Every structure is written in C-alpha cells, then in structure tokens.
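coordinates for the following, if possible.
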Amino acid sequence: MRSPLLTLPKAELHIHIEGSLEPEMMVALAQRNGITLPYDSVEAVQAAYQFENLQSFLDLYYAGAQVLQTEQDFYDLTWAYLQKCAAQQVRHTEIFFDPQTHCDRGIPFEVVHSGITQALLDARVQIGVSSALILCFLRHLSAEAAMATLEQALPYRGIIIAVGLDSSELGHPPSKFQAVFDRARAEGFLTVAHAGEEGPPEYIWEAIRLLKVSRIDHGVRCVEDPALVEYLVEHQIPLTVCPLSNVKLCVFDEMAQHNLKQLIDLGLCVTVNSDDPAYFGGYMAENFAAVESALGLTPEHLVQLAENSFKASFLPPEKQKPYLEELLTYKTSLEKI
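As a prediction, the model looks like this:
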C-alpha cells in the first residue's frame, strides 16, 4: 500500500540539475541540436545506467551534458524537474548547477544561468515551487579554474545564493579550494560541499574548518569518526543524504545497509534528497519510499526528515514558517488516520 507520507510537504537540498536529464530528454535534445550520442535509442541510454562507483557515473553524466546547448535546453531541463517537484509535494528546492561542465565546451555562462533561472522564476508563479540556485565547482579541475568561474558568477549574486563542491571526491580534498571559498564568502555567498561520500571523514572536517560550510552534502562516512559525529550533532550541521544515489554508486551494497536511520538516531540533522535522479532511479518520493521500506522508518522519522529539510534550507525563518506550519497540519492529519 502506498504510504500517505510520500505526499508530505518537503524541501530538496541536494539535486544536480544536470542529473535530472532523463534518457528521453537526452535523446530528444541530441536530435534537436544535431548531436550524435554513443547510444542509438532511449533503451540504450537506460542500459548504460549501471555504475561501479562515482567515477563511472560521472563519465556518463558529463557525456550526457553535451546535449545541453541553448538557453531553451537549460530551461526545458529545469522545468521538467520542477514539474516533478510539484507532483511530489516538494515545496522548495535548492538546485546545484555545474557551469564549468558547460562553459568549458563553449557554452556561455549567461546561457546556462538564464535558462535555469527563467524556469525557476516561472515555477514560483505557475506551480508554487520556491527555489534557490547553488553554483558547484568541479573538484577534479584546478582551484584556479574554480576561481575563474567564481568571477563569472559575481554579477549573478542574489539568485545564486551559495557555492558548493562536487564531482570526483577521492584525491581532491576540500582544502584544495580554501582560497576560492574564502573569496566566495567575502563576496557574500554561502558555502556547502560534498564530503564523506567516497572520501574519508577528514574531508568533512576540512569542509567545516576550512571552507566553513553551512551544510555537508552526503556525509554518510561521518560515523567512522565519533568526534566528528559529536560535533555535527552539537552544531546541528545538516547532512544532505541521498539514499538511492548511495546504493546506485555502491557506497552501500543495498538499501537495507544504509546508515540513514543510524544517523537520525544519533541526533544528526539529516535530510533526504535525490542527487541525480534520472541516473539513480528516483526523485524525492522514490527516495522516501525506499528508506521507509528498507529501513523500517516510522511516520515520525519521515516527518522529522521533512522538517529537517526546511530547517536546513537557506530560506530565512519567516519563509520557512509557512512550510513548517503546513507540515504540522499534515502531521496532525496523519495522527487522525
């Protein structure tokens, strides 16, 4: 029986917009833009979605991004994701985008930014999904390249509210980008970073101490360091955990082994997110369904995860309030079932 909790109001804080590129759209955009893919059908693309680790996923992810060429392409990509949000009761989303993936192949920053942000603005009015945009630096590239990308982003402060760090984690510690993040904070950006997915707990410490992040993206390996867990609990630094992604990329062999419930029970501020949903088998509702089923989460657990998602967002308290009130009403209605 489908759980009513899959319709609970929630926010998503860890979504790569390029990772919402569904196979059907990938093929359609390739045809629209005259690009030849190494796959001859939607089914062939889907068959390639089997990954051994993070890097094997990234290889396909970057290949797929080649079909994104025009402002309309970025609009269509973002709009499709936002419609999914509306259908799954995601009230607010904070979206990662990777300008280096596009600018390095000759697509102007403005083309990428304009297509994405126009869809975000339209969604606020037309389907009631609020949003913010987070620029991620590709950590397998140089710190100098990240700094140049930050310079390009300066005129867009406001819609771009934060910077983050993604791509290949192993061998690219947060410390590599300390100067870039120092500059970003000085320019008024908030900061987040992927850490503790494949990388060790020390990467989480670096993200906190050197990059001064507000949230840790992933962070599931924090349990290997009890002092780190204690710090995360004491300071309630959110972890944006992505369950289906973690299983698809072999961080955990199966969902039943995922440590999400352990993180909740330890008192961490944990949220559930979809990461790259087109590649990993599901959006927010599918992630909630997976953890509810495999980990035996109670309604109280799931409502707490939703509450955490709003409190961990970059929305100011006055804008969090109506969502939290809606969630409280929803929780009350469940108690009457």
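
first to last residue in stretch 64-80, what's the distance?
Distance between the two ends of stretch 64-80: 16 Å, counting by Cα to Cα, to the nearest Å.

run a quick neighbour tally on residue 61.
When neighbours are defined as other Cβ atoms under 10 Å, residue 61 has 21 of them. All C-beta atoms are positioned from the backbone trio N, CA, C, and that covers glycine.

and residue 48, by the same measure?
Neighbours around residue 48, by other Cβ under 10 Å: 16.

identify the residue spatially nearest to residue 297, adjacent ones excluded.
residue 291 (5.7 Å; Cβ to Cβ, 6 or more residues apart in numbering).

my guess is the one you found meets residue 255, correct?
Yes - Residue 291 lies in contact with residue 255 (Cβ atoms under 8 Å); the separation is 7.0 Å.

chain center to stretch 226-242, what's the gap?
When distances are taken as Cα atoms, centre = their mean, to the nearest Å, stretch 226-242 is centred 18 Å away from the chain's centroid.

report the buried residues of it.
Buried residues in stretch 226-242, counted by 16 or more other Cβ atoms under 10 Å: 228, 229, 232, 237, 238, 239, 240, 241, 242.

elements contacting the helix or strand containing the first one?
When you say that, I think you mean residue 228. Assigned by DSSP states H and E, residue 228 falls within helix 226-235. Counting contacts by 3 or more Cβ pairs under 8 Å, 6 or more residues apart in numbering; DSSP states H and E, helix 226-235 packs against helix 201-209.

repeat that with 10 Å
With contacts defined as 3 or more Cβ pairs under 10 Å, 6 or more residues apart in numbering; DSSP states H and E, helix 226-235 has these neighbours: helix 201-209, helix 260-265.

now mean neighbour count too, for these, in CSV please.
What follows is the helices and strands packed on helix 226-235, written out as CSV (neighbours: other Cβ atoms under 10 Å):
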stretch, mean neighbour count
helix 201-209, 22
helix 260-265, 18
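
so which of those helices comes closest to residue 93?
helix 260-265 (20.1 Å; Cβ to Cβ).

pull the CA atoms of that closest one into PDB?
Taking Å, rounded to 0.1, in the frame of the first residue of the first chain, the C-alpha atoms of helix 260-265 are listed here in PDB:
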ATOM      1  CA  LEU A 260      20.300   6.800   7.400                       C
ATOM      2  CA  LYS A 261      18.400   5.600  10.400                       C
ATOM      3  CA  GLN A 262      21.600   5.400  12.400                       C
ATOM      4  CA  LEU A 263      22.300   9.000  11.600                       C
ATOM      5  CA  ILE A 264      18.800  10.000  12.700                       C
ATOM      6  CA  ASP A 265      19.000   8.100  15.900                       C
END
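
got the buried residues for the helix or strand following that helix?
Next in sequence after helix 260-265, counting helices and strands by DSSP H and E, comes strand 270-272. For strand 270-272, burial by neighbour count (16+ other Cβ under 10 Å) applies to 270, 271, 272.

contact partners for the nearest residue to the first one once chain neighbours are set aside?
For residue 270, ignoring the flanking residues on the chain, the nearest one in space by Cβ to Cβ, 6+ apart is residue 263 at 4.8 Å. Residues counted as contacts of residue 263 (Cβ atoms under 10 Å, 6 or more residues apart in numbering) are 219, 220, 222, 223, 229, 232, 233, 239, 241, 269, 270.

number of residues surrounding residue 130?
Counted by other Cβ under 10 Å, the residues lying close to residue 130 total 18.

could we number from 15 for the rest of this?
OK, 15 is where the count begins now, so the last one is residue 144.

give me the beta-bridge partners of it?
As for beta bridges, residue 144 partners with residue 106 under DSSP bridges.

tell me the pLDDT of it.
Predicted confidence (pLDDT) for residue 144: 97.

unless I'm mixing things up, it is touching residue 134, no?
Yes - Residue 144 lies in contact with residue 134 (Cβ atoms under 10 Å); the separation is 8.8 Å.

what is in contact with the two at once?
With Cβ under 10 Å, 6+ apart, residue 144 and residue 134 have common neighbours residue 107.

burial of residue 259, as a residue count?
27.

how far away from the center of its chain is the strand or helix carrying it?
Secondary structure assigned from DSSP H and E places residue 259 in helix 257-262. For helix 257-262, the distance from its own C-alpha centre to the chain's C-alpha centre is 13 Å (Cα atoms, centre = their mean).

counting by contacts, list what it packs against.
Using 3+ Cβ pairs under 10 Å, 6+ apart: helix 257-262 touches helix 68-78, helix 291-294, helix 298-309.
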